[in-house]
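*Asks:* need a 3D model of the sequence below.
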Amino acid sequence: MIALFRRDLRLALSGGGGAMTGVIFFLAVVATIPFGVGPDLNLLSRIGPAILWIGALLSALLTLDRLFQADREDGTLDLLITGPTPLPLVVLAKCAALWVASGLPLVLAAPVLGLFLALEPPAIGAVMLTLLVGTPAIICIGAVGASVAVALPRGGLLVSVLVLPLAIPVLIFGVSATYGAVNEPDPFLPPFLILTALTLVFGALGPIAAGAALKAGAD
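*Replies:* Presented below is the predicted three-dimensional model:
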């Protein structure tokens, strides 16, 4: 698992796409919002956490199609399926590498992009914390969609269509926890704990389901 994690992380970072593609798209989404809603700083700060979460979700979807596609094209996926390492652990290692290469940069870019939306420091901290906890769930959900669509010639769009409905609960509780941290009447801990639970559940079930889909596709 460690060797596979290092290999995938090295390929993602050396390929020039993984981290920067998501961050650039994240920046594009956030930077265009003020032009659409106007220069009202109060409005921007009020909807800013939701905008950052939506931008992070859409940016994460861009990277999911490369989770298994490159390995399938060069034959590595067949070796991984028939190898001694259980497929759920293989998927978990690849998800971890993808999150470090593309998900973690989104978390680190959130404070800078929050300045575009006039967010206060507590709101920026809450967005970073919820993204740090919630983005691994999106990657694990995406692994299931990527494993289903890996055999299709143009499965990138299908991955987004399959993953987006399943990722909506993560988005809802991530935004709810963020607003609860900055708005006194709203609770922070309940939605944050639900978000954490979603990450743990999808982190456990996602690799198992993706491994089963990969094996079924190989058969």
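
*Asks:* low-scoring stretches of this structure, by residue?
*Replies:* 15-19, 151, 153-156, 218-219 (pLDDT under 70).

*Asks:* how about the helices in it?
*Replies:* Using DSSP state H, the helices of the chain run over residues 2-14, 18-37, 41-63, 69-74, 76-82, 87-98, 104-116, 121-149, 156-182, 189-218.

*Asks:* now those helices in CSV, with mean neighbour count?
*Replies:* (Glycine included, C-beta is placed from N, CA and C.) Rendered in CSV, the data for those read as follows (neighbours: other Cβ atoms under 10 Å):
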stretch, mean neighbour count
helix 2-14, 15
helix 18-37, 16
helix 41-63, 21
helix 69-74, 15
helix 76-82, 15
helix 87-98, 23
helix 104-116, 19
helix 121-149, 24
helix 156-182, 20
helix 189-218, 18
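
*Asks:* quick check: S102 touching D65?
*Replies:* No: the pair S102 and D65 does not pass the contact test of Cβ atoms under 8 Å, sitting 11.7 Å apart.

*Asks:* ok, the two, which is more surrounded?
*Replies:* The residue with more neighbours, out of S102 and D65, is S102; 26 against 21, by other Cβ atoms under 10 Å.

*Asks:* can you tell me how far the more buried one sits from D8?
*Replies:* Noted for S102: a distance of 11 Å to D8, by Cβ to Cβ, to the nearest Å.

*Asks:* contacting residues for the nearest residue to I33 once chain neighbours are set aside?
*Replies:* Leaving aside its sequence neighbours, I33 sits nearest to I51 (Cβ to Cβ, 6 or more residues apart in numbering; 5.3 Å). For I51, the set of contacting residues under the criterion of Cβ atoms under 8 Å, 6 or more residues apart in numbering consists of 29-30, 33, 117.

*Asks:* try V127
*Replies:* 49, 52-53, 110, 114, 119, 178.

*Asks:* make it 7 Å
*Replies:* For V127, the set of contacting residues under the criterion of Cβ atoms under 7 Å, 6 or more residues apart in numbering consists of 49, 52, 110, 114, 178.

*Asks:* residues contacting the last one?
*Replies:* Pointing back at T178 there. So T178 contacts 49, 123, 126-127, 130 (Cβ under 7 Å, 6+ apart).

*Asks:* need the max-distance pair from those residues.
*Replies:* Taking Cβ to Cβ as the measure, these span a maximum distance of 10.7 Å, between A123 and T130.

*Asks:* distance-wise, check the closest residue to T63 other than its chain neighbours relative to T21.
*Replies:* Nearest residue to T63, sequence neighbours excluded (Cβ to Cβ, 6+ apart): S102, at 4.3 Å. Counting by Cβ to Cβ, the gap between S102 and T21 amounts to 8 Å.

*Asks:* overlap in contacts of those two?
*Replies:* By Cβ under 7 Å, 6+ apart, the residues touching both S102 and T21 are T63.
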